[in-house]
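**Student:** build me a model:
(one chain, ligands or ions: 2)
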Amino acid sequence: MGTSEWHIERRSSFGTESPLAREAGNVPETGSLSIVVLGASGDLAKKKTFPALFHLYRQGFLPADEVHIFGYARTKISDDELRNRLRGYLVPNKGASPQLLEDVEKFLQLIKYVSGSYDSEDGFRLLDKEISEHEYLKKSVEGLSRRLFYLALPPSVYPSVCKMIKTCCMNKSDLGGWTRVVVEKPFGKDLESAEELSTEIGKLFEEPQIYRIDHYLGKELVQNLLVLRFANRFFLPLWNRDNIDNVQIVFREDFGTDGRGGYFDQYGIIRDIIQNHLLQVLESVLPIRDDEVVLGQYEGYKDDPTVPDKSNTPTFATVILRIHNERWEGVPFILKAGKALNSRKAEIRVQFKDVPGDIFKCKKQGRNEFVIRLQPLEAMYMKLTVKQPGLEMSTVQSELDLSYGQRYQGVTIPEAYERLILDTIKGDQQHFVRRDELKASWQIFTPLLHRIDEGEFKPLPYKPGSRGPAEADQLLEKAGYVQTHGYIWIPPTL
Ligand SMILES: NC(=O)C1=CN([C@@H]2O[C@H](COP(=O)(O)OP(=O)(O)OC[C@H]3O[C@@H](n4cnc5c(N)ncnc54)[C@H](OP(=O)(O)O)[C@@H]3O)[C@@H](O)[C@H]2O)C=CC1
Ligand SMILES: O=C1O[C@H](COP(=O)(O)O)[C@@H](O)[C@H](O)[C@H]1O
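**Tutor:** Ligands and ions are numbered 1, 2, ... in the order given. Predicted coordinates for the structure are as follows:
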């Protein structure tokens, strides 16, 4: 495949003539498309959902003659007030071209705002009326229209909102139209509440109508994992306990809860990041051991007035999972996530066992590592030992590096939300969380979470801007991870 094929090209509509639409499996649907962002006044909506919709619009995936976007929330604001709030999130601070500015204005005109509560029919009846008017204006045949409801809302209101959608806002889907609901994480707070929520929503919608979004599943390099693993011969014999010593899945942020302390304190880092983003559901996970958990809370976290003074909520966690199956028995899967650390990155680090013996009769170089960097600056690299270039025979640690910025110059990597919203419109659920997967992930973490909630497990303090509690690094070492500091010069021995 040539690199040019990686581009998503701008096009005017989902017409049958568009090769991109055909390639993307977008069989043209003729009904109008209404996208409703519930919680439109919130943080996620302005930072992620509307910008993702704008990018899709710019690339021609949301043609103005088919699509209308509705914001819904309790806050009483006008259409223009919502548009003014969003504008700054759609244009970069500097260097916006006149074309971009024009596109922003056209996009904003597609947005209509409806104010109403999340648990009474009035607001939703009004919303339904607005959507129906748009469908009528677009001459959409009843039964062909498509309605997408995106719940950018706290999970506590999902049941009532879903009930209102079901009662007031469903379209007739008998001619190929549909109603789909996207729900954000965290989906529940533990196994029991997640199952309850699934059951409640399951009474209202069929599984193909429910899209449980975990935006990490939409990241380019996460999507690449399947290809990497199954389309490359050299991973085949290595991908097991005989060769791999440990696996780390790491999420670090160099900022704290940033005005979201009220939300965060009720959930904590395990529910916010580890239970969903870092956990590709692994089967046969053994119960988590106390001595394989380190929790932390950054100093200053409780200064946020929305966080209780006695909060026991972890903002950092390292947790080791162990899998009891033939392939992975004995290999620690180390999940680490933290806020207010010294860097921002997300990566998967597969560390191989030492090479047996030492024919070079020297201090060993670092271990082989295969690293998949999800962000920032997507890359994959393999750390390996090579001969130090030059006359002398000595070894040095180096790497095979596939940095996307270099290799795929000029290619714009889509934002995760952009990709996943497009999948929802296309009806493709493969990168969304299934109910059984969700259950399995809560099963793993619920016993630990309950003990933290009950104050039995206490987070250790750490300095903002640090690596987190030192105990986390000690746990890593105990689990077998060997850190490699760049290369170490080794005198020739051959
Ligand atoms: N923000 C982020 O970076 C991310 C958020 N998420 C998830 O997305 C969802 C929304 O997040 P976010 O936008 O940050 O949340 P917000 O706290 O900003 O809430 C969104 C909107 O919901 C309404 N709302 C807030 N609290 C309540 C409440 N107690 N009862 C009823 N309505 C309420 C408010 O609208 P109004 O009062 O106008 O009705 C608010 O504008 C959450 O499930 C979150 O976990 C997921 C990934 C990232
Ligand atoms: O879901 C969440 O994700 C963000 C991090 O997302 P990213 O794509 O910027 O890595 C995190 O800040 C937030 O706490 C969490 O709710």
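**Student:** helix, strand, or coil at Pro356?
**Tutor:** Following DSSP: H, G, I helix; E, B strand; the rest coil, we place Pro356 in the coil state.
**Student:** against ligand 1, how distant is it?
**Tutor:** Here the criterion is CB to the nearest ligand atom, to the nearest Å. By it, Pro356 lies 45 Å from ligand 1. (Each C-beta comes from the backbone N, C-alpha and C, glycine too.)
**Student:** please apply the same query to Tyr150.
**Tutor:** Counting by CB to the nearest ligand atom, the gap from Tyr150 to ligand 1 is 10 Å.
**Student:** hey, what's that residue bridged with?
**Tutor:** Beta-bridge partners for Tyr150, by DSSP bridges, are Val37, Val182.
**Student:** what's the pLDDT at the closest residue to ligand 1 within the stretch 351-494 of the chain?
**Tutor:** Nearest residue of the stretch 351-494 of the chain to ligand 1, counting by CB to the nearest ligand atom: Tyr417, 8.9 Å away. In this model, Tyr417 is scored at 97, pLDDT.
**Student:** work out for me the element it sits within.
**Tutor:** Applying DSSP states H and E as the criterion places Tyr417 in helix 416-426.
**Student:** how about Tyr267?
**Tutor:** helix 261-269.
**Student:** what's the helix or strand following that helix in contact with?
**Tutor:** As assigned by DSSP H and E, the chain's next helix or strand after helix 261-269 is strand 293-298. For strand 293-298, the surrounding residues in contact (CB atoms under 8 Å, 6 or more residues apart in numbering) are 256, 311-320, 338-340, 448, 452, 457-464, 468-469, 471-472, 475.
**Student:** check contacts around the residue of the stretch 351-494 of the chain closest to ligand 1.
**Tutor:** Contacts for Tyr417 (CB under 8 Å, 6+ apart) come out as Lys48, Thr49, Pro51, Ala52, His215, Gly218.
**Student:** mind picking the two most distant members of those residues?
**Tutor:** Pro51 and Gly218 (13.7 Å; CB to CB).
**Student:** more neighbours: those two, which one.
**Tutor:** Ranked by neighbour count (other CB atoms under 10 Å), Pro51 and Gly218 place Gly218 first, with 22 against 18.
**Student:** pull up the gap between the more buried one and Val433, please.
**Tutor:** Here the criterion is CB to CB, to the nearest Å. By it, Gly218 lies 12 Å from Val433.
**Student:** pull up the overlap in contacts between those two.
**Tutor:** Counting by CB under 8 Å, 6+ apart, Gly218 and Val433 have no contacts in common.
**Student:** which parts of this protein are helices?
**Tutor:** 19-23, 43-44, 50-58, 79-90, 98-109, 121-137, 158-168, 191-204, 220-230, 261-269, 404-407, 416-426, 435-453, 470-478 (DSSP state H).
**Student:** and Ser115, how many neighbours does it have?
**Tutor:** Ser115: 18 surrounding residues under other CB under 10 Å.
**Student:** residue of the chain closest to ligand 2, please.
**Tutor:** Counting by CB to the nearest ligand atom, the chain gets nearest ligand 2 through Asp272, at 4.8 Å.
**Student:** sorry, back to before: please point out which parts of the helix holding Tyr417 sit buried.
**Tutor:** When burial is assessed from 16 or more other CB atoms under 10 Å, helix 416-426 yields the following buried residues: Ala416, Tyr417, Glu418, Arg419, Leu420, Ile421, Leu422, Asp423, Thr424, Ile425.
**Student:** residue contacts, the residue nearest to Leu62 when sequence neighbours are not counted?
**Tutor:** Excluding the flanking residues, the one nearest Leu62 by CB to CB, 6 or more residues apart in numbering is Leu56, at 5.0 Å. Leu56 makes contact with Leu62, Glu418, Ile421, Leu422, according to CB under 8 Å, 6+ apart.
**Student:** for the protein, which residues are neighbours of ligand 2?
**Tutor:** Counting by CB under 6 Å from any ligand atom, the chain comes close to ligand 2 at His215, Glu253, Asp272, Ala346.
**Student:** with the residues you listed in mind, which one is nearest to Ser160?
**Tutor:** Asp272 (22.9 Å).
**Student:** that's all I had, so thanks and see you.
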